[in-house]
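Visitor: got a predicted structure here, sequence first:
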Amino acid sequence: MTCAAALKKHRLGLVDGFTKKYKVNRLMYYEIFHDAQNAEFREKQIKKFRREKKIALFIKGNPHWEDRSDEFSMSYKEVLMKAAGTRR
């Protein structure tokens, strides 16, 4: 399943868990991996973090707490440009 498809399922409440229980509908943070095993390892690692450490990680990558789900329709270059604060 693609990230965009997974995000859509979460937004529609089709996945049981935290996002459904608390009606979370914004993507605040993500990391890009080229290997599913590394992505799964990192996800489990972050889930074990204390709340304060998670918040610090999210703020570092998204200081204004913006919904980043629109980036899934962007090219990798456009995402990098957005992160750098530049537009073309």
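Guide: Thanks, I have it. None of the values given here were measured: they were computed from a predicted structure. Residues are numbered from 1 along each chain as shown.
Visitor: rest of the way, CA atoms for contacts and neighbours
Guide: Fine.
Visitor: wait, what's in contact with the residue positioned nearest the centre of the chain?
Guide: Geometric centre of the chain, nearest residue: Tyr30, 3.0 Å, by Cα atoms, centre = their mean. Residues in contact with Tyr30 (Cα atoms under 8 Å, 6 or more residues apart in numbering): none are found.
Visitor: read off the pLDDT value for it.
Guide: Here the pLDDT value assigned to Tyr30 is 89.
Visitor: which SSE is it in?
Guide: Secondary structure assignment for Tyr30, by DSSP states H and E: no helix or strand.
Visitor: how close does Asn62 get to Leu14?
Guide: 26 Å (Cα to Cα, to the nearest Å).
Visitor: neighbour-wise, which of these two wins?
Guide: Asn62 (17 against 12; other Cα atoms under 10 Å).
Visitor: how close does the more buried one get to Asn38?
Guide: Taking Cα to Cα, one finds Asn62 at 22 Å from Asn38.
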